[in-house]
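Asker: Just the structure for this:
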Amino acid sequence: QVQLVESGGGLVQPGGSLRLSCAASGFTFSSYAMSWYRQVPGKERDMVAGITTAGRRTDYADSVKGRFTISRDNVKNTVYLQMNSLKPEDTAVYYCNARRGSSGYWGQGTQVTVSS
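Answerer: Got it, this is the predicted structure:
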């Protein structure tokens, strides 16, 4: 049974930091590119950051470059998103995605709220 379980979300003040984790099981994690997406009510789900299978290449949305860092541990089957200098506009539900060709999986999401 495929599972992607996100954790680490919560309420943080502007300028603060959070580290999201996504634990994967039920598939060959190291063979899948991993990404983090986020979604606010009424809007599409947008990609925030992506990382290739071995972690050699990463990509970021312009809005988070220099503030967010994606990484993965293929032994622990986990992908991370370190979020620094958080802004109110980063408030969203954050989703973990695994992709390999036409095959893909989603987690259930974790809420991140940036507010004073």
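Asker: Show the model's pLDDT score for the nearest residue to residue 86 once chain neighbours are set aside.
Answerer: Leaving aside its sequence neighbours, residue 86 sits nearest to residue 114 (CB to CB, 6 or more residues apart in numbering; 4.6 Å). Where C-beta positions appear, they are placed from N, C-alpha and C, glycine not excepted. At residue 114 the predicted local distance difference test score is 98.
Asker: doesn't residue 92 make contact with residue 114?
Answerer: No - judged on CB atoms under 8 Å, residue 114 makes no contact with residue 92 at a distance of 9.3 Å.
Asker: neighbour count winner among these two?
Answerer: Ranked by neighbour count (other CB atoms under 10 Å), residue 114 and residue 92 place residue 92 first, with 22 against 19.
Asker: quick one: buried residues of the helix or strand containing residue 59?
Answerer: Applying DSSP states H and E as the criterion places residue 59 in strand 58-60. By neighbour count on 16 or more other CB atoms under 10 Å, the buried set for strand 58-60 is residue 60.
Asker: Now that strand: average pLDDT?
Answerer: The average pLDDT within strand 58-60 is 98.
Asker: Packing partners of that strand?
Answerer: strand 46-51, strand 68-73 (3 or more CB pairs under 8 Å, 6 or more residues apart in numbering; DSSP states H and E).
Asker: partner strands of the first one, parallel or antiparallel?
Answerer: By that I understand strand 46-51. strand 33-39 (antiparallel), strand 58-60 (antiparallel) (DSSP bridges).
Asker: Centre of the chain to that strand, how far?
Answerer: With CA atoms, centre = their mean, to the nearest Å as the basis, strand 46-51 stands 7 Å off its chain's centre.
Asker: Go through that strand and flag the buried ones.
Answerer: Residues 48-51 are the ones in strand 46-51 that count as buried (16+ other CB under 10 Å).
Asker: and the strand holding residue 59, how far from the chain's centre?
Answerer: Its chain's C-alpha centre and that of strand 58-60 lie 11 Å apart, by CA atoms, centre = their mean.
Asker: What lies in contact with that strand?
Answerer: Here strand 58-60 makes contact (CB atoms under 8 Å, 6 or more residues apart in numbering) with 48-52, 68-70.
Asker: Output those as JSON lines; include the columns distance to residue 30 and pLDDT.
Answerer: Putting the contacts of strand 58-60 into JSON lines (distance: CB to CB, whole Å; pLDDT from 0 to 100) gives the following:
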{"residue": "48", "distance to residue 30": "22", "pLDDT": "98"}
{"residue": "49", "distance to residue 30": "18", "pLDDT": "98"}
{"residue": "50", "distance to residue 30": "15", "pLDDT": "98"}
{"residue": "51", "distance to residue 30": "12", "pLDDT": "98"}
{"residue": "52", "distance to residue 30": "11", "pLDDT": "98"}
{"residue": "68", "distance to residue 30": "22", "pLDDT": "98"}
{"residue": "69", "distance to residue 30": "20", "pLDDT": "98"}
{"residue": "70", "distance to residue 30": "15", "pLDDT": "98"}
